[in-house]
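Need a 3D model of the following:
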Amino acid sequence: MSLDVWEREADAVVAAASELTIVELERRRIAGVERLRPIAALESDALNSDRSDEQQEGS
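Next up, the predicted model:
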């Protein structure tokens, strides 16, 4: 299992993880999980942001 931890607080972390990792964390009762956004949505937003940056530079 691996997590890409983005932010850590006393009682919570914000992390990116595969669905399999999330399911395993829940199954083992290691952590309660609140799904904020699917990784695909984050990747899509990043790609769109990159394209927007390129268009602004080319203007």
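
what secondary structure does Val5 sit in?
strand (DSSP: H, G, I helix; E, B strand; the rest coil).

Let me know the distance separating the nearest residue to it once chain neighbours are set aside from Arg29.
Nearest non-adjacent residue to Val5, counting by C-beta to C-beta, 6 or more residues apart in numbering: Ala15, 4.6 Å away. From N, CA and C alone the C-beta is placed, and that goes for glycine too. Going from Ala15 to Arg29 by C-beta to C-beta, to the nearest Å gives 17 Å.

Okay, and the beta partners of the most centrally placed residue in the chain?
Centroid-nearest residue in the chain, with C-alpha atoms, centre = their mean: Ala16, separated by 3.3 Å. Here Ala16 sits in beta bridges with Asp4, as judged by DSSP bridges.

For it, list the residues it contacts.
Residues in contact with Ala16, defined by C-beta atoms under 8 Å, 6 or more residues apart in numbering, are Leu3, Asp4, Trp6, Ile39, Leu42.

Can you read off the pLDDT for the residue nearest to Val5?
The per-residue pLDDT reported for Ala15 equals 87.

Test my guess that it contacts Asp4.
Yes. Using C-beta atoms under 8 Å, Ala15 is in contact with Asp4, at 5.9 Å.

Those two: which is more packed in?
Ala15 (18 against 10; other C-beta atoms under 10 Å).
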